[in-house]
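Q: Give the three-dimensional model of this entry:
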Amino acid sequence: MSSSHKESFQNPLRESFVDFSMKTPSKKIIALSVILAFILVVIIRNTGAYGVTYNRDFPQTTNPAVAIAQGKLSCAYDGSIINDANPLYPLILALSLRTFTSSQDISQLFEVDSTVCANPNPQISLSDNLASHIVSDTAFVTWLVVAFGLIYVLQKSARKNTWFLIYALFGLSLMPFFAASISIFFHPEDVLAIGLVLISTGAMLREKWILSGIFAGLALDSKLIAVPFLLVLFVLIPGKARIKFTLAAVFISALILSPFLITLPSSIKIFAGHDALTFLINAPSIMSYLKGIFGSHAALASRGLPVIFAGVFAIVFKMKLPNVFKNTEAVVILLCASAIWRVFFEVEVFAYYLMPISITFFLIVLICNRGYMLYLFWSFVTALIYNATNGAWGEQFMTKFFLLAQLIAIMPPLLFIITLAVSNWKTWKASIEIDNRQLQVT
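A: Down below sits the predicted model:
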């Protein structure tokens, strides 16, 4: 078939759409789009269209945050009250408490005394409505970190400063509410960690090693869900630059953890084995959908294997393409693969585990400019299903229906990643070889 005959079968509407998406909008249009997206987010937030966002793990981060907001730092950073797996998030939550409850006296809403501080499992009396609002408001704040991180990475891709970013902006303005509406286990600290990982990734793509390390350390202090993603970045970074990255990450992480050192010996347990490895070991009551595996063995399989696979994938890419860290699409594919392994092996796969895979998958399809409507459609449908039931099916619905739905949903992005990696391998290799030759010439 001749090329002219092929052109007759091309869709002019699609070609016009793609051509328009690659054009550069004016700064006024970009500013207007940002304002409209923000208004859209605020409207949805205030109308409660995002669904139920009550977090079962709420006391783990709320109790120290309340103490911080009241100025009781010694209580907040006592090893018995704070969740040492995510020490950064209570600081953000405390700021939200001061902001969103500024019209009320916090000490009247929550009372944190020495008895609560001494209690290994303190329970602050909160109504479900108030708890839900605090979590939702904080999630609204932490989502801005994710949005910035995504745009920061996208700006490094071939489609920077185009209408394509406008699509991304509106997609991001809707995405958190779709995600929140399908889960009663919405963890803002997970969202914060992923956002900080993305900022670290954007800095790495720009070869700003110290900045990348700083945000890596913050991500690690936010939630240990960041471990497999940060391992990918660590492997991809060149040898000498890796030292700068690591030192910056360790310094900022220790800076956040410094209050624990001040309260020694009460918080020395943070450096004990089972606490330092909270991302690998969990309570025996936790079960896995992996047949015949329960308790800590299931936790090791679900949280240890993703780290191993993420490291192996990154090492293979690094061996084949030494300068792969310069290729935005390849880096995001590795991050997305890490998220998929996390979801695939996770214990008790609830809907909120879609968050890391959703963010990374959404990022990769944005960069590749193909198939992103598939994700938006999936989010919209699952949001409608959950809202239609009004959460009536409860946890049984979440564990059975969404377990099946997520396992099915994992397959398309997994195949998508494999296809992209195979089809683009020669292109990546050629572009990296060109970069190497240019460096040798200079």
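Q: Please make it C-alpha for all contacts and neighbour counts, starting now.
A: Noted.
Q: so Phe215, which of the three states?
A: Under DSSP: H, G, I helix; E, B strand; the rest coil, Phe215 falls in the helix class.
Q: Let me know the helix or strand that the residue lying closest to it once chain neighbours are set aside is in.
A: Nearest residue to Phe215 in three dimensions, chain neighbours excluded: Ser200, at 5.1 Å (C-alpha to C-alpha, 6 or more residues apart in numbering). In this assignment (DSSP states H and E), Ser200 forms part of helix 188-205.
Q: Met319 too?
A: Per DSSP H and E: Met319 is located in helix 305-320.
Q: Past that helix, which element shows up next along the chain?
A: Later in the chain than helix 305-320, the nearest helix or strand by DSSP H and E is helix 328-345.
Q: Check whether Ala248 sits in a helix, strand or coil.
A: At Ala248 the chain is in helix, as set by three-state DSSP.
Q: For Ala216, see how far away it is.
A: Here Ala248 is placed at a distance of 8 Å from Ala216 (C-alpha to C-alpha, to the nearest Å).
Q: Which residue of those two possesses the greater neighbour count?
A: Shown here are Ala248 and Ala216; by other C-alpha atoms under 10 Å, Ala216 has more neighbours (33 against 21).
Q: Hmm, that one is touching Leu198, no?
A: No: counting by C-alpha atoms under 8 Å, Leu198 is not a contact partner of Ala216; they are 9.1 Å apart.
Q: now what about the helix holding Met319, what contacts it?
A: For helix 305-320, the surrounding residues in contact (C-alpha atoms under 8 Å, 6 or more residues apart in numbering) are 227-229, 231-232, 235-236, 324, 334-335, 337-339, 341-342, 345.
Q: Can you tell me which of those residues are classed as buried?
A: Neighbour counting over those (16 or more other C-alpha atoms under 10 Å) leaves 227-229, 231-232, 235-236, 324, 334-335, 337-339, 341-342, 345 as the buried ones.
Q: from the residues you listed, which two are the most distant?
A: Val324 and Phe345 (26.7 Å; C-alpha to C-alpha).
Q: Do I have it right that Lys156 meets Thr328?
A: Yes: between Lys156 and Thr328 a contact is recorded at 7.0 Å, counting by C-alpha under 8 Å.
Q: neighbour-wise, which of the two wins?
A: The residue with more neighbours, out of Lys156 and Thr328, is Thr328; 22 against 19, by other C-alpha under 10 Å.
Q: Tell me the spacing between that one and Pro188.
A: Thr328 is 26 Å from Pro188, where distance means C-alpha to C-alpha.
Q: Also Leu211?
A: 23 Å.
Q: and these two? which has more neighbours close in?
A: Neighbours per residue (other C-alpha under 10 Å) separate Leu211 from Pro188, with Pro188 holding more: 25 against 20.
Q: mind checking pLDDT for the more buried one?
A: Here, the pLDDT recorded for Pro188 equals 72.
Q: That one contacts Val145, correct?
A: No: using C-alpha under 8 Å, Pro188 makes no contact with Val145, being 10.9 Å away.
Q: Find residues that contact each of those two.
A: Counting by C-alpha under 8 Å, 6+ apart, Pro188 and Val145 have no shared contacts at all.
Q: Could you list the alpha-carbon positions for stretch 316-329 in PDB?
A: Taking Å, rounded to 0.1, in the frame of the first residue of the first chain, the C-alpha atoms of stretch 316-329 are listed here in PDB:
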ATOM      1  CA  VAL A 316      20.100  -4.700  34.600                       C
ATOM      2  CA  PHE A 317      19.200  -1.300  33.000                       C
ATOM      3  CA  LYS A 318      22.400   0.200  34.400                       C
ATOM      4  CA  MET A 319      24.600  -2.600  33.100                       C
ATOM      5  CA  LYS A 320      23.100  -2.300  29.600                       C
ATOM      6  CA  LEU A 321      22.700   1.500  29.500                       C
ATOM      7  CA  PRO A 322      25.200   3.100  31.800                       C
ATOM      8  CA  ASN A 323      23.800   6.600  31.300                       C
ATOM      9  CA  VAL A 324      20.100   5.500  31.600                       C
ATOM     10  CA  PHE A 325      19.500   8.100  34.300                       C
ATOM     11  CA  LYS A 326      19.400  10.800  31.600                       C
ATOM     12  CA  ASN A 327      16.400   9.200  29.900                       C
ATOM     13  CA  THR A 328      13.200  10.300  31.500                       C
ATOM     14  CA  GLU A 329      11.000   7.600  30.000                       C
END
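Q: that older thread, overlap in contacts, Ala248 and Ala216.
A: Between them, Ala248 and Ala216 share no contacting residue, judged by C-alpha under 8 Å, 6+ apart.
Q: Counting neighbours, what do you get for Leu32?
A: If you count neighbours by other C-alpha under 10 Å, Leu32 ends up with 12.
Q: Look up how far Glu329 lies from it.
A: Distance of Leu32 to Glu329, given as C-alpha to C-alpha: 29 Å.
Q: try Ala248
A: Counting by C-alpha to C-alpha, the gap from Ala248 to Glu329 is 25 Å.
Q: what residues does stretch 201-221 touch?
A: By C-alpha under 8 Å, 6+ apart, stretch 201-221 touches 85-89, 149, 152-153, 156, 192-197, 199-200, 226-227, 230, 233, 237, 241-242, 244-253, 256-257, 325-328.
Q: please redo it, this time with the cut-off set to 6 Å
A: With C-alpha atoms under 6 Å, 6 or more residues apart in numbering as the test, stretch 201-221 has contacts from 86-88, 152-153, 193, 196-197, 200, 226, 244-245, 248-249, 252-253, 326.
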